[in-house]
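Colleague: Turn this into a structure:
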Amino acid sequence: MKKQPEHNRKNVPPQDTAKAPKSAVSRSMRTRAIVLAALFVLVGFGAVVYNLYQLQIVQHDELAARAENQQLADETITPNRGVIYDSDMKVLARSNKVWTVVASPRDMAKSGTNINDVAVKLAELLELDAQSILEKLQKSESNYQLIKRQIEKPVADAITAWITEYNASDKGKDTPVAGISLVQDAKRYYPYQTLASTIIGFVNADGDGVLGIESYYNDTLKGTAGRVVGMKNAWGYDLPNGTYEAAYDAEDGNGLVLTLNASIQSTLEKYLQNAVDQYHVENRAVGIVMDVNTGAVLAMSTTPAYDPNQPRVLADKAAREAVEGLSGDERAAALQLAQQTQWRNKAVSDLYEPGSVFKLITCAAALDTGAVSKNSSFYCGESISVAGTRFHCANHKRHGAQTVTQALENSCNQSFIQIGARLGKEAFCDYFAAFGLRAPTGIALPAEPKK
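Modeller: Predicted structure coming up:
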């Protein structure tokens, strides 16, 4: 064989003995692609599972409520609040039907209602400002705008009659009135106005009791609201003809019969007011009339009182004039304080220094322990000294020698100081507790101090 020249052998590339076969490279790339694709699928599936968990578990209640709100038209039927009677079955508080006027500007826009005509007429019938009504009706994306609460039946009938008449006219055929609803509600009435107002209390705009009997027995009086539930379409409008509609009747509240007697209450308030006027009482007068055999409260008054039909109006003329003379935040704070003051039932909520009426307790305790008897005698002179302080009887009277009976008849201060001394402080405190005077009375009224 002929040997190649040395220079020719240098130009021949050497053979790569380590190079992998082409098929092995393809398999490696395929494996990487599969792993990568699996990873993408796993991440995507995990994201789906996570979102499903969030939607179906974590946000379930929120989303279910939103769906219900979007799909259901829910109207509340207000129950009649229970009647409150006095002991002779005279009505002290009752509820009557009223109506709330609401508007749906979106329905008005859809039907082409002339909202200017509606605003002017509603302002006339409801005694409101037409411009403020018009501003509400111009919110064309809104389904609900409150116009006025608790209107009486004659006004509700006038609104219905006007809509009917307007829609039957030539003008109404082109621009019919739509989107005005009258929702039935209830309003609390107090026929005797200020009578026993600090005992009865009043209700707020939501129909819940505020203070007094109305508050203490709120759950008993309120009843259970009813509902009318229907379906709404995708645009938020009620489906016609009562489609898929269900009604749940309201349950009226229970009535209450009080031990309070309106005639006795009226008499108590009359004489308390006379005392306020005669003696220029600044912090209101208080009186309670009870049945001595049962302890039943026949009358209870804090005078001057207020009218629960208009509880936020200051009944006391002097307090009203004082508030009206202020302005800004100062006026708002003074008004709130004056309202809280006139609502306060001092017979239940305030501390009371008993004075002479407590002599009966002292006397009963002393007789029961034997510290004194009906034949015991005491002396009432110019004054008597107790721990360095001298006490005398009212108007500096000197009753002289006194029996227990005479001491009670004369309300003799000096005699009862002597009776108390014979009883002793320990026995006095024991009887004080035995009569229940160290614990709340448990009267069925709110705001009694517990200590």
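Colleague: Just say helix, strand or coil for Ala299.
Modeller: When classified by DSSP: H, G, I helix; E, B strand; the rest coil, Ala299 comes out as strand.
Colleague: mean confidence score for the helix or strand hosting Ala93?
Modeller: In this assignment (DSSP states H and E), Ala93 forms part of strand 91-103. In this model, strand 91-103 has a mean pLDDT of 93.
Colleague: Parallel or antiparallel, which strands does that strand pair with?
Modeller: The pairing partners recorded for strand 91-103 under DSSP bridges are strand 84-85 (antiparallel), strand 145-151 (antiparallel), strand 180-189 (antiparallel).
Colleague: Quick check: which of the ones you listed is buried the most?
Modeller: Comparing those by mean neighbour count (mean count of other C-beta atoms under 10 Å), strand 84-85 comes out on top with a mean of 22. In short, each C-beta sits where N, CA and C put it, glycine included.
Colleague: where in the stretch 201-350 of the chain is pLDDT low?
Modeller: Counting by pLDDT under 70, the stretch 201-350 of the chain contains low-confidence residues at 230-245.
Colleague: how about the helices in it?
Modeller: Along the stretch 201-350 of the chain, counting by DSSP state H, counting those that start in this stretch, helices occupy 212-216, 218-222, 262-279, 317-324, 328-343, 346-349.
Colleague: If we go by neighbour counts, what in the second one is buried?
Modeller: Spelled out, that is helix 218-222. Asn218, Leu221, Lys222 (16 or more other C-beta atoms under 10 Å).
Colleague: still on that earlier bit, most tightly packed of the helices of the stretch 201-350 of the chain?
Modeller: Compared across those, helix 212-216 shows the largest average neighbour count, a mean of 22 (mean count of other C-beta under 10 Å).
Colleague: what comes into contact with it?
Modeller: Helix 212-216 is contacted from outside by 84, 93, 188, 197-203, 209, 221, 256, 258, 345, 444-446, using C-beta atoms under 8 Å, 6 or more residues apart in numbering.
Colleague: Now tabulate the buried residues of helix 218-222 in JSON lines and tack on distance to Gln150.
Modeller: Listed next are the buried residues of helix 218-222 as JSON lines, based on distance: C-beta to C-beta, whole Å:
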{"residue": "Asn218", "distance to Gln150": "19"}
{"residue": "Leu221", "distance to Gln150": "18"}
{"residue": "Lys222", "distance to Gln150": "17"}
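Colleague: What is the nearest of those residues to Leu298?
Modeller: Relative to Leu298, the closest of these is Leu221; by C-beta to C-beta it sits at 21.8 Å.
Colleague: residues in contact with that closest one?
Modeller: Per C-beta under 8 Å, 6+ apart, neighbours of Leu221: Arg81, Gly82, Ile84, Gly209, Glu214, Gly253, Asn254, Gly255, Leu256.
Colleague: Tell me the one of those nearest Pro304?
Modeller: Using C-beta to C-beta, the contacts of Leu221 come closest to Pro304 at Glu214, 19.9 Å.
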